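# Sequence plus the predicted model coming up.
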Amino acid sequence: MIVARTVADARVALADRRDGTIGLVPTMGSLHAGHLALLETARRECDTVVMSLFVNPAQFGEPSDLNGYPRDEARDLERARDAGVDVVFVPATDELYPPGYQTWVDVIELGSMLEGEHRPGHVRGVATVCLKLFTIVRPDVAYLGQKDAQQVEVLRRMVADLHLELELSVVPTVRDTDGLALSSRNMRLSTDERARALALPRALATRDPETARAILDAAGLDVEYVAVAPFHPPVLAAAVRAGNTRLIDNVTLEEKP
Ligand code: AMP
């Protein structure tokens, strides 16, 4: 497995692999079984699997959230190697955002609802870093989790609007046995918070926004939003806080004929 830390090194590592298909799995590390499902799918479908490992400051609001984001590069590299990744791209922050950096991608409407409304700048940060990764790696397919449904919809729009030559492949949300969607942030939950957080998948499973809100309120979770989002397919999505930990989740709804 090649570990590329600069854009130049990533390009060199991929130069002689362009005859086959290249799959990209963008991650912020702290890998769990959700990330592994993306890597496994990419490994099955592509000749070369690239994983990016970059905690993107541009998509964080509060500095405490960025600074407290779990990081363990050595463990992530080991997991990537076990998953059969060919190239890991691990840039330093100033490799992607050097001094003087000033170019951003705004997906206007999709970027201002839900996560965009509650985390100003977040969607812009996600779209920008993904466009960078797509430009550096030039994958045939990028693998994304349904867990971040808005991210999928935003990137789908960006790919269409900017005529990018890649396919997006969406992998279903991987959940713990108790129903909680796997997330790097789950490790921050106390036992009590985790017990209350289980109301999130339970609420969404009702597939009804009013009932879902009542369940989340009753569990003592701080609800940022519960809403039906007009994605493809539509989803019932929610963001809540359990203590200081922010959690998001969604379930797909039937497409109206
Ligand atoms: P992150 O490291 O949180 O930026 O996530 C990297 C990718 O893994 C994104 O495409 C996420 O949607 C996906 N992902 C995160 N958690 C899950 C999960 N529980 N199930 C499936 N995919 C996930």
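All right, it came through fine.

# Against which helices or strands is whatever helix or strand Lys132 lives in packed?
Assigned by DSSP states H and E, Lys132 belongs to helix 122-137. On a contact count with 3 or more CB pairs under 8 Å, 6 or more residues apart in numbering; DSSP states H and E, helix 122-137 meets helix 7-15, strand 22-27, strand 48-53, strand 87-89, helix 115-118, strand 141-145, helix 149-161. In short, each C-beta sits where N, CA and C put it, glycine included.

# which one of these lies closest to the ligand?
strand 141-145 (2.2 Å; CB to the nearest ligand atom).

# Show me the shaky parts of the stretch 151-257 of the chain.
Residues of the stretch 151-257 of the chain meeting the criterion pLDDT under 70: 256-257.

# Going along the chain, name the strands of it.
167-171, 222-229, 235-242, 245-252 (DSSP state E, counting those that start in this stretch).

# Dump those into CSV; add distance to the ligand as well.
Below are those laid out as CSV (distance: least, CB to the nearest ligand atom, whole Å):
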stretch, distance to the ligand
strand 167-171, 6
strand 222-229, 15
strand 235-242, 13
strand 245-252, 9
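
# and these, which is most packed in?
Mean neighbour count (mean count of other CB atoms under 10 Å) peaks for strand 235-242 among the strands of the stretch 151-257 of the chain, with a mean of 23.

# Parallel or antiparallel, list what pairs with it.
Applying DSSP bridges to the sheet, strand 235-242 is found paired with strand 222-229 (antiparallel), strand 245-252 (antiparallel).

# how about a markdown table for the helices and strands packed on helix 122-137, with distance to Asp208 and mean neighbour count added?
Conversion of the helices and strands packed on helix 122-137 to a markdown table gives the following (distance: least, CB to CB, whole Å; neighbours: other CB atoms under 10 Å):
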| stretch | distance to Asp208 | mean neighbour count |
| --- | --- | --- |
| helix 7-15 | 45 | 16 |
| strand 22-27 | 33 | 26 |
| strand 48-53 | 37 | 26 |
| strand 87-89 | 42 | 24 |
| helix 115-118 | 21 | 18 |
| strand 141-145 | 24 | 23 |
| helix 149-161 | 17 | 20 |
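
# Distance to the ligand for these - can I get that in JSON lines?
As requested, these are exported to JSON lines (distance: least, CB to the nearest ligand atom, whole Å):
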{"stretch": "helix 7-15", "distance to the ligand": "18"}
{"stretch": "strand 22-27", "distance to the ligand": "4"}
{"stretch": "strand 48-53", "distance to the ligand": "9"}
{"stretch": "strand 87-89", "distance to the ligand": "13"}
{"stretch": "helix 115-118", "distance to the ligand": "12"}
{"stretch": "strand 141-145", "distance to the ligand": "2"}
{"stretch": "helix 149-161", "distance to the ligand": "6"}
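
# Residues of the chain that sit close to the ligand?
Counting by CB under 6 Å from any ligand atom, the residues of the chain lying close to the ligand are 26-28, 34-35, 37-38, 144-145, 147-148, 171, 173-174, 181-184.

# from the residues you listed, which would you call buried?
Among the residues of the chain next to the ligand, those that count as buried by neighbour count (16 or more other CB atoms under 10 Å) are 26-28, 34-35, 37-38, 144-145, 147-148, 171, 173-174, 181-184.

# which residue sits closest to the spatially most central residue of the chain in space, ignoring its chain neighbours?
When CA atoms, centre = their mean is applied to the chain, the residue found nearest the centroid is Asp148 (5.4 Å). Leaving aside its sequence neighbours, Asp148 sits nearest to Ile248 (CB to CB, 6 or more residues apart in numbering; 7.3 Å).
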